[in-house]
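Enquirer: Build the 3D model from these lines:
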Amino acid sequence: MPNNPNFTHHFLLATPNIDSGIFEKSLIYICRHDKQGVLGLIINKPNPYTHISKLFEDLDIAVTQSELRHKRPLMSGMLNPEVGFVLHTGQPIWASSFVVSENICITTSRDILHSIATGQGMSHFELCLGHASWQKGQLESEIANGDWLLIPASQTVLFQTDYDKRWQTVSEQLGVNFDIFSTEIGRA
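Expert: Numbering: from 1, shown residues only. All right, here's what the predicted structure looks like:
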């Protein structure tokens, strides 16, 4: 692993070493990796208890897009689960947006929610509640320990692959068969 890796716009794929909790079989999108650490969003675990339209209703935002009645927010990490992040395509035109990579941004300001509710502003988005983060060097250590596999991210997986197929899709892209994956370290 290089001395100063940058995992921004990569997926982290949980290996069988992580066998419990929210990170088990998680696929995480790395939004930021800098000298302070890493910020990521779990992108394959929808909230089974609510829909985006219900969250918008609770925020007094009128929804005109019928598909929002079926779309679920993602449970994207244990940290700050009350904080929403909108992962989306397009440009950072809202009050609190930053670019992750070409044509992928994160926005945390409320103004984007009004655009989503009326179907304006972006072709693809995920509403993420909470986040995952690692201190400087922590994630690199977990990768070296075999807890995570790393692969460049793709918009297809981020926005067009069913939630329940994302982890398996990325496993297959890596050529990993977790049915025969060993968590034991061998010695010769």
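
Enquirer: And the helix ranked longest in the chain, how far out from the chain middle?
Expert: Determined from DSSP state H, the single longest helix within the chain is helix 163-174. In terms of CA atoms, centre = their mean, to the nearest Å, the centre of helix 163-174 is found 13 Å from the chain centre.

Enquirer: now what about it, what contacts it?
Expert: 11, 13-14, 25-27, 43-46, 74, 149, 151, 157, 161, 177-178 (CB atoms under 8 Å, 6 or more residues apart in numbering). In this view, the C-beta of every residue, glycine as well, is placed from N, C-alpha and C.

Enquirer: and the angle for the one helix or strand Arg32 maps to with helix 163-174?
Expert: Per DSSP states H and E: Arg32 is located in strand 27-34. Using axes from the mean of the first three to the mean of the last three CA atoms, to 10 degrees, one finds that strand 27-34 and helix 163-174 are set 70 degrees apart in direction.

Enquirer: Okay, now the sheet partners of the helix or strand immediately after strand 27-34 in the chain, with direction.
Expert: Using DSSP H and E, the helix or strand that follows strand 27-34 in sequence is strand 37-42. If you go by DSSP bridges, strand 37-42 pairs up with strand 27-34 (antiparallel), strand 125-135 (antiparallel).

Enquirer: Need the mean per-residue confidence for strand 37-42.
Expert: Strand 37-42 carries an average pLDDT of 96.

Enquirer: Pull the number of nearby residues for the closest residue to Lys35 other than its chain neighbours.
Expert: Once flanking residues are discounted, Lys35 sits nearest to Lys136: 6.4 Å by CB to CB, 6 or more residues apart in numbering. When counting by other CB atoms under 10 Å, one arrives at 12 neighbours for Lys136.

Enquirer: Lys136 against Gln36, yeah?
Expert: Yes. The pair Lys136 and Gln36 qualifies as a contact (CB atoms under 8 Å) at a distance of 6.5 Å.

Enquirer: circling back: contacts for the strand holding Arg32 next, please.
Expert: Outside of strand 27-34, the residues within contact range by CB under 8 Å, 6+ apart are 5-14, 38-44, 85, 87, 98, 100, 106, 132, 139, 153, 157-158, 166-167, 170.

Enquirer: swap in stretch 43-54?
Expert: 22, 25-29, 63, 68-76, 87, 116, 126-129, 157-158, 163-164, 166-167.

Enquirer: how long is that stretch from one end to the other?
Expert: End-to-end span of stretch 43-54 (CA to CA, to the nearest Å): 20 Å.
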